[in-house]
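1. Take a look and give me a structure for this.
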Amino acid sequence: MKKKAGMIAVILIYAAVAVIIAYLVILSGNYPTGTDTLGYLYKGNMLYDAMEKGDWYPLYDSLWFNGVQTMRYQAPLPVYFLAFCQWIAGGNDLDGYLVFVALVFYLGALVWFYIGCCSNRPGLGAFLGMLWFFIPNNLYILFGEGNLPRVLALVWMPLWLHWISAYLLEDDGKALTKAVPVFTMMVLCETGFAVMISAAMLLFLLIYRLLYHRKGKCLPVIGAMLVAFLITGIWLYASMKGRGNTGSSGVMRGMFQDAWISLNPIRRLTRGNVDFYFGLSSFMVAVFGALCSKRKSMAGFWTALFLFAGTTTSVYAVLDKLSAGHPLWMLSFISVAAGMILYSFMKWNSLKRGFVVICCVLLVADCIPSFSLIYQGKGTVSADERLHRTADACLITKAREVTSQRAAILDGGSLGAVAPYLLTGYDKKQVKGTFGTGNISAATAVNIAELEEAAEKGYYLYLFDRALELGNDTVLIQIQELKQGTGDIRKVSDAAAKLGYRLTDQNDSYLLYHMDTYASFGTVCKYDGIAIGDTAASLTYGNPDITKGDSVSLDDYTFRELSEYQVIYLSGFAYTNRERAEKLVKKLSDNGVKIVISGDGIPEDSGTKERSFLGISCQNIYFQNGYPVLYTSEGELDTALFDRSVSQWKTVYLNGLEKIDGYLFDSGRRLDFSGSVYNDNIVFVGLNLSYHCFLTQDENVGAYLQQLIGEDLKELPERTIVPLKIHYGRNQIRITSGKEKVNTSLAYHDIFGSRQKSFKEHNLLVVHQGVTVIRMKYPYLWRGIIMTLAGLVGYILLIWWLKRAGDRHKIKK
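-> Alright, predicted model coming up:
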C-alpha cells in the first residue's frame, strides 16, 4: 500500500512541477524561444485548422514556399502532437506551446520513473525523471534550438534504451518486441535523429559484443531497428523520395565542437546558453562508470564517451571524408550520450549510496546555469505583445498590410522562424510568403537560395526580377544583408524602381518595397539568353536577361527550343552522345545563335575520360591569390584578386582554339584561355572567369565577359504581369488565365496532376489560357504501403523468432 501511495505521490509531484514550469515560462514572457520553435508551431496550427475542416492529413499548404507539402517532409507525429496541445489550449497555438512544454516534462519524467520501478530503484528513477528535462543539452534543444520534434523523440529514447538493454542483458525477448513501436514513434518524430540513434546503438552493440562475447544478440536488435523504419514506410518512402541534398561539408563543420566548449561549465555563466553542452558532471560520471562499474552498466558509459569524442572538432576531418559529402550531425549525439549515461547510472546497482548521492548532486549542479533558458526573471510584456513589437520593428506589420499576393523577407535567417511565422501564421490574417523554415521541403529551395545570394552579392536587378517571377508584390530586406549595407540603399532602390517596386517604408534595419498590382498574378517572360549546366547560374546574376535551363543535359533541348535564344551559355552541362551534342551546337551557331562555352564546365567524355568538346581540350592550371596579366585582342586585362574564400584557384586553359582572343604566360609558356572554333559564334573561355566575376564583381573581367556574350543581356528580360484567378480547394487548385504560358508563381510539385496541359519552369507551375484544374494525390502511396506491410511482416517474424528462441532457452535450462 505504501509503495502504491508513493508512486501516486511521485506522479502528482511530476504534474505539479509540469504546471510550475509552464507558469515560469509564462511569467518570463520570453516565449516561445528557440530558433525554429515558431516554425513548428505554425505547422501544428496549420494541421489544427485543417483538422477543424475535416482534413486530417493536408497534402498542401499555400502559405509557405509558394506552396509546400508540409506533412510530406515534416515527420508527422510532432505536428499531430502540437495540434493536440493546441486543442487542449482551446485553439491558441502559443498556449498550446505551454501545454507542449509541460507534457514533454511530464511524459519524460514518467518514462524514467517507470524504468526505475522496473529496475527496483524507484527512488533513483523518480530523481532521474525530474532531472531528464533539465539536462543542459535537452533544455538547449527545446529553448535554444527550438527543435520540438527532437524534444519529443527524447521523451521516448530512455524507454527504447531500457527495452533494448533488457533484451541484451536479461534475455527478455518480449522487451525487444516492445522496443519496435517505441522506435517507430521516434522515427515519426524526427527521422534524421532516429538514424543518429541507430548509429549510436550500433556502437553500443559493438562494445557490448566486446565486453560480453555473446553471439546472436546483436542482429535481432539491428533487425528491430530496420523493421521500425519499414513500418513507417507509408510516410517515409514519399518523404525520402522527394528530398534533395540535406547539407554540405560547410554545414557539417558546424555540427562539431571543441571539447573544452562542451565541458566548460563556466562558459554558460559568461556567454550564456549559446552552445551545445555535454556537461562536465556527465563526463565525470561516464569516466567513473567506464572504469569502475560492472559489465552490466559499463557498455553504456563507454558508448557515451566514444559518442562525446565523435562530437569534437579533432575528428571532423576524418568523419568529413567518411561521410562522402553527407552531413553527420554529430552534436545530436550529446543528448543520446546523456541518456546512456543516466540509464547506465540507473543500472549500476552495486554503487554505494554515498557515491550515488555525490553523482546526483554533481548532475543537479551542472543543470543550474541552464535554468535561465526557462526563466530569466519576470517579464514586462506578454508573448503576444512581444511578437507584435517584433513585427512592428521588422516592418512585417506594414508588409502584411500592403501585400496583395505574396511577400519575400530577406533577413539572412537572422530572425529564424520568427519572420515567416509573423507573416503567415500570426493573428487571423494569413499572408503568403516565398520563405519559410526547413527549406528541404521547398520545391523552390534553389529559387530562394538565388534570391539570398543576389542580395548578398549585390545583384539587385536580378533580385527584384526573380522576386517578381516568384509572385512577390512585396519585398522586405534587412539592410545588413545588402552587399555594402547602408551604402547600397540607393542602389537597391534604383533597381527596385526599374521593375515597378517603390520604397514603401524603412527604418534603421529594414527596407520595405511594394508594387501595386493584381490580387493574384503570374508572369509571362521572354529571355534572350539561356544558361545550361549545374555551374552556369553564376552568369545569370549579372545578366538577368539570361534564364537558367531546367535541365543540365543538352539532350533534353531541341534545336527549335534553343534557336529562340540569341545567346547560349554552357557550363557544367552534360550529354549522352558527344557527337550529337556537337552537331546541335554547330547547327545553332550556323543559324546565328551565339554559344559561349566555359572550359571549366566541359564534361569528361565517358569513353576517352578527357575533357574536350568540338576539338577543344582543357588542361588544369593553378593560381594563387590572383591571375597573372591576361592579354586579349583589346589589350591587357587587369583583374582583381581572388575572393578570400578561394585563394587557391583551380581552373583550366584551352588547347585547339582556331581564333585566339585571350592568352597568358605561365613559366614562359603562352597559354590560351579564350577564343573561337568552327565559326565566330562558338566561343570558349577558360580560367573560370565567370565564377571569379560572380564572387568579386571584377569590373574589368565583367566588361570582357559582356563583350563575349553581349551587352543587352545585362538588362531586364521582357516580363509581363498577367492577372490570374486562383481558387484553393481541398486537394485541388483551380487557375483561370487569360493568356498562354503563364508562370503562375506557384511551386510545382510531383503530386500535381491535371487534364489540362501544364508544365514546370524554374520549379514553378506554368499553365495555358483558360481554366486549369490541378488535382493532388498522396505520393507513392502503393510503394509506401508495400514498405509498411513489409515492416509489419518483419515485425511478426521477429516476434515469432524471439518466442521460438525463448522457448529453446527454457528447454536448455
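2. got the contact list for the strand ranked longest in the chain?
-> Among all segments of the chain classified by DSSP state E, the strand with the greatest residue count is strand 718-729. Strand 718-729 is contacted by residues 62, 465, 468-469, 517-518, 520-526, 733-739, 742, 744, 746 when judged by Cβ atoms under 8 Å, 6 or more residues apart in numbering. Every residue, glycine included, has its C-beta placed from N, CA and C.
3. Tell me how the protein divides into domains.
-> Following automatic domain parsing, the chain resolves into domains at 388-517, 528-714, 718-776.
4. Narrow the contacts of strand 718-729 to those that are buried.
-> 62, 465, 468-469, 520-525, 733, 735-737, 742, 744, 746 (16 or more other Cβ atoms under 10 Å).
5. rewinding a little: and among the domains of the chain, the most buried is which?
-> Stretch with highest mean neighbour count among the domains of the chain: domain 388-517 (a mean of 20; mean count of other Cβ atoms under 10 Å).
6. That one: end-to-end distance?
-> 27 Å (Cα to Cα, to the nearest Å).
7. Off-centre distance for it?
-> Distance of domain 388-517 from its chain centroid, counting by Cα atoms, centre = their mean, to the nearest Å, is 20 Å.
8. average pLDDT for that domain?
-> For domain 388-517, mean pLDDT rounds to 93.
9. cool, stretch 765-772 as well?
-> Here the average pLDDT along stretch 765-772 is 96.
10. rewinding a little: go through the buried ones among the contacts of strand 718-729 and flag which are in helices.
-> If you go by DSSP state H, the buried ones among the contacts of strand 718-729 have 465, 468-469 in helices.
11. As TSV, the domains of the chain with distance to Leu230 would be great.
-> Listed next are the domains of the chain as TSV, based on distance: least, Cβ to Cβ, whole Å:
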stretch	distance to Leu230
domain 388-517	22
domain 528-714	34
domain 718-776	23
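12. of all the ones you listed, which lies closest to Asp172?
-> With Cβ to Cβ as the measure, domain 388-517 is the member of the domains of the chain nearest Asp172 (38.8 Å).
13. Let me see the contact set for the residue lying closest to Tyr541 once chain neighbours are set aside.
-> Distance criterion Cβ to Cβ, 6 or more residues apart in numbering; nearest residue to Tyr541, sequence neighbours excluded, is Tyr459 at 4.1 Å. Tyr459 sits next to 453, 541-542 when contact means Cβ under 8 Å, 6+ apart.
14. ok, back up a step: name every strand pairing with the longest strand of the chain and say which way it goes.
-> Its sheet considered, strand 718-729 pairs with strand 521-526 (antiparallel), strand 732-737 (antiparallel) by DSSP bridges.
15. continuing past the lowest-mean-pLDDT helix or strand in the chain, what's the next helix or strand?
-> The weakest-scoring helix or strand in the chain, judged by mean pLDDT, DSSP states H and E, is helix 249-253 (a mean of 47). Next along the chain after helix 249-253, taking DSSP states H and E as the criterion, comes helix 259-263.
16. Only C-alpha atoms, please: export that next one in PDB.
-> What follows is helix 259-263, C-alpha atoms only, in PDB (Å, rounded to 0.1, in the frame of the first residue of the first chain):
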ATOM      1  CA  ALA A 259      35.800  19.600 -26.300                       C
ATOM      2  CA  TRP A 260      36.600  22.400 -24.000                       C
ATOM      3  CA  ILE A 261      33.400  24.200 -25.000                       C
ATOM      4  CA  SER A 262      31.300  21.100 -24.500                       C
ATOM      5  CA  LEU A 263      32.700  20.500 -21.000                       C
END
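17. Could you list the buried residues of that helix?
-> 261-263.
18. next structured bit after it?
-> helix 267-271.
19. Please enumerate residues in contact with that next one?
-> 136, 261, 275, 277, 369-370.
20. For the stretch 701-813 of the chain, give me the ranges with low pLDDT.
-> Along the stretch 701-813 of the chain, the model assigns pLDDT under 70 to residues 806-813.
21. where along it do the helices fall?
-> Taking DSSP state H, counting those that start in this stretch, the helices of the stretch 701-813 of the chain run over residues 781-812.
22. again with the stretch 1-150 of the chain
-> According to DSSP H, counting those that start in this stretch, the helices that the stretch 1-150 of the chain contains are 2-28, 37-52, 70-73, 76-88, 93-118, 122-132, 136-139, 148-170.
23. okay if I get the ones you listed as TSV plus distance to Val336?
-> Output for the helices of the stretch 1-150 of the chain, formatted as TSV (distance: least, Cβ to Cβ, whole Å):
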stretch	distance to Val336
helix 2-28	23
helix 37-52	21
helix 70-73	23
helix 76-88	18
helix 93-118	14
helix 122-132	13
helix 136-139	10
helix 148-170	7
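24. right, and those helices - which one's nearest Gly533?
-> helix 70-73 (27.6 Å).
25. Against which helices or strands is the closest one packed?
-> Other elements packing on helix 70-73 under the criterion 3 or more Cβ pairs under 8 Å, 6 or more residues apart in numbering; DSSP states H and E are helix 37-52, helix 233-241.
26. got the ones you listed as TSV, with mean pLDDT columns?
-> Shown next, in TSV, are these (pLDDT from 0 to 100):
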stretch	mean pLDDT
helix 37-52	95
helix 233-241	94
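27. so which of those helices is the most packed in?
-> Most buried among the helices and strands packed on helix 70-73, counting by mean count of other Cβ under 10 Å: helix 37-52, with a mean of 23.
28. angle of it against helix 93-118?
-> Going by axes from the mean of the first three to the mean of the last three Cα atoms, to 10 degrees, helix 37-52 is angled at 100 degrees with respect to helix 93-118.
29. How far away from the center of its chain is helix 37-52?
-> That offset, for helix 37-52, works out to 19 Å (Cα atoms, centre = their mean).
30. any residues touching it, and which ones?
-> 32, 56, 58, 61, 63-64, 70-71, 74, 78-83, 85-87, 91, 93-94, 96-97, 146, 148-149, 416-418, 420-422, 424-425, 436-438.
31. how about a cut-off of 7 Å?
-> Residues outside helix 37-52 that contact it (Cβ atoms under 7 Å, 6 or more residues apart in numbering): 32, 58, 61, 70, 74, 78-80, 82-83, 86-87, 93, 96-97, 146, 148, 417-418, 420-421, 424-425, 437-438.
32. And Leu63, its phi and psi?
-> phi -80, psi -40 (degrees, to the nearest 10).
33. wait, I meant Gln624
-> Per degrees, to the nearest 10, the backbone of Gln624 is at phi -110, psi 120.
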